[in-house]
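Asker: no FASTA, just this:
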């Protein structure tokens, strides 16, 4: 049986709910039947609900805040991820959970990184249940890796250069071994300090340990993170498999542009929040093979004409502008000198923007 967390921040509770799909652990705060809104926080890859605990602890009590652990993360049940439906498994898990929790009316979805993709997928299929969307450094609507322009054109027909075969072996091994050390360029703690935040941010020691635990609670392997892979004749020699998280966000399976086709009467307003110094989701992501090839970090890179860095931010903006042209509305908010986790790096400013979206 899954266990709830022994310790949470003041005002935050922890419990596990069993649905017909998954035993889902969540943390929550506030009044489930109060006058405020239900706010659902969806975490990103190699993380858990712990990364939103500070935010929901600070949210006014009249709102009901929920932050679940997705399958294979945190304290939720581990089940394989079918990548061939993109982020569909996570969307269906979230739907099953929201059908079980006490809430009043539709929800505000706050999706961070891959969780932003889950939130978009949920809004596409359940637009009548989404009051507003807050996307925090979200994955591009065209997925992660292997595309080269604003229309999401794949660099290769088999989507080589994206998917589960691109996981850093040393990092994955560190997760599997629950490595809490400070050594090694690819240790989980080093990745947390170097890439999850901007260059000037330093974590509070106690909170860093909680976030690191959230990373180490990631289930590794071909069915979860990073997923399986297939061989390719195209650079760099690997293409997406059919299982696992990194394949679920490969452009082979992940297409979130359907958000523009939501009925104008049901299009939720979107607040797009991003860190101006994000190194993970950016136009020159240090996790994108096109960027690394241009930096001469990878051999035999075929060049900008064939495999440029994916313009992730520009792709998102282009799709949201189309969303606006089709009757929706969005606002782009950029926090300068902030990395991939603005909710942790500039919590006051982030909470202010979130409360504005809730109003």
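Answerer: Thanks, I have the structure now. This one's a predicted model, so the numbers in the text were calculated from it and none came from an experiment.

Asker: wait, residue 45 sits on residue 245?
Answerer: Yes: with contact defined as C-beta atoms under 8 Å, residue 45 counts as touching residue 245 (5.8 Å). (Each C-beta comes from the backbone N, C-alpha and C, glycine too.)

Asker: Now do the shared contacts for these two.
Answerer: 114, 225 (C-beta atoms under 8 Å, 6 or more residues apart in numbering).

Asker: And the strand or helix carrying residue 192, how far out from the chain middle?
Answerer: Using DSSP states H and E, the element containing residue 192 is helix 188-195. Put simply, helix 188-195 sits 17 Å off its chain's centre (C-alpha atoms, centre = their mean, to the nearest Å).

Asker: what is the mean pLDDT for that helix?
Answerer: Mean pLDDT, helix 188-195: 97.

Asker: again, but for stretch 81-100
Answerer: 98.

Asker: can you check stretch 7-15 too?
Answerer: Mean pLDDT, stretch 7-15: 93.

Asker: about what we covered before: between residue 45 and residue 245, which has more neighbouring residues?
Answerer: Neighbours per residue (other C-beta atoms under 10 Å) separate residue 45 from residue 245, with residue 245 holding more: 30 against 22.

Asker: quick one, phi/psi of the more buried one?
Answerer: Per-residue torsions, residue 245: phi -70, psi -50 (degrees, to the nearest 10).

Asker: With the flanking residues excluded, which residue is spatially nearest to it?
Answerer: Among residues not flanking residue 245 along the chain, residue 225 sits closest, at 4.9 Å (C-beta to C-beta, 6 or more residues apart in numbering).

Asker: okay but the one you found is in contact with residue 247, surely?
Answerer: No: the criterion here is C-beta under 8 Å, and residue 225 misses it with residue 247 at 10.4 Å.

Asker: Looking at these two, which has the bigger crowd around it?
Answerer: More crowded of residue 225 and residue 247, by other C-beta under 10 Å: residue 247, with 31 against 23.

Asker: pLDDT averaged over the helix or strand hosting the more buried one - what is it?
Answerer: Secondary structure from DSSP H and E places residue 247 in helix 245-248. Helix 245-248 shows a mean pLDDT of 98.

Asker: After that helix, which helix or strand is next? Please name it.
Answerer: With DSSP H and E, the next secondary element past helix 245-248 is strand 270-275.

Asker: got the contact list for that next one?
Answerer: Contact with strand 270-275 is made by 132-138, 198, 281, 313, 316, 320, 323, 328-335, 338-342, 345, 350, 353-354, 356-357, as judged by C-beta under 8 Å, 6+ apart.

Asker: Paired strands for it, with orientation please.
Answerer: Strand 270-275 sits in its sheet next to strand 130-136 (parallel), strand 330-335 (parallel), going by DSSP bridges.

Asker: out of those strands, deepest packed?
Answerer: Most buried of these by mean neighbour count (mean count of other C-beta atoms under 10 Å) is strand 130-136; its value is a mean of 25.

Asker: chain center to that strand: distance?
Answerer: That offset, for strand 130-136, works out to 13 Å (C-alpha atoms, centre = their mean).

Asker: helices or strands up against the helix or strand following it?
Answerer: Under the assignment DSSP H and E, the closest C-terminal helix or strand after strand 130-136 is helix 169-176. In terms of contacts (3 or more C-beta pairs under 8 Å, 6 or more residues apart in numbering; DSSP states H and E), helix 169-176 is packed against helix 188-195, strand 220-221, strand 225-226.

Asker: follow-up on the earlier one: quick one: residues contacting the residue nearest to residue 245.
Answerer: Residues in contact with residue 225 (C-beta under 8 Å, 6+ apart) are 45-46, 72, 167, 172, 175, 218-219, 244-246.

Asker: if you set the cut-off to 7 Å instead, what comes out?
Answerer: 45-46, 72, 218-219, 244-245 (C-beta atoms under 7 Å, 6 or more residues apart in numbering).

Asker: Report the buried members of these.
Answerer: Among the contacts of residue 225, those classed as buried by 16 or more other C-beta atoms under 10 Å are 45-46, 72, 218-219, 244-245.

Asker: re the thing from before, now the helix holding residue 192 and helix 169-176, what's the angle there?
Answerer: Using axes from the mean of the first three to the mean of the last three C-alpha atoms, to 10 degrees, the inter-axis angle of helix 188-195 relative to helix 169-176 is 120 degrees.

Asker: Residues in contact with helix 188-195: which ones?
Answerer: Defining contact as C-beta under 7 Å, 6+ apart, one finds that helix 188-195 is touched by 171, 174-175, 179-182, 184, 211-212, 215-216, 279-280, 286, 340.

Asker: of all the residues you listed, which two lie farthest apart?
Answerer: Largest separation among the contacts of helix 188-195 by C-beta to C-beta: 180 and 286, giving 23.3 Å.

Asker: now the longest helix along the chain, how far from the centre of its chain.
Answerer: In the chain, assigned by DSSP state H, the helix with the most residues is helix 312-325. In terms of C-alpha atoms, centre = their mean, the centre of helix 312-325 is found 18 Å from the chain centre.

Asker: ok, the residue nearest the centre of the chain to residue 31 distance?
Answerer: Taking C-alpha atoms, centre = their mean as the criterion, residue 114 is the residue nearest the geometric centre of the chain, at 2.2 Å. Here the criterion is C-beta to C-beta, to the nearest Å. By it, residue 114 lies 29 Å from residue 31.

Asker: ditto for residue 269
Answerer: 24 Å.

Asker: Residue 196 now?
Answerer: To residue 31, residue 196 is 31 Å away according to C-beta to C-beta.

Asker: Thanks again, I'm all set now.
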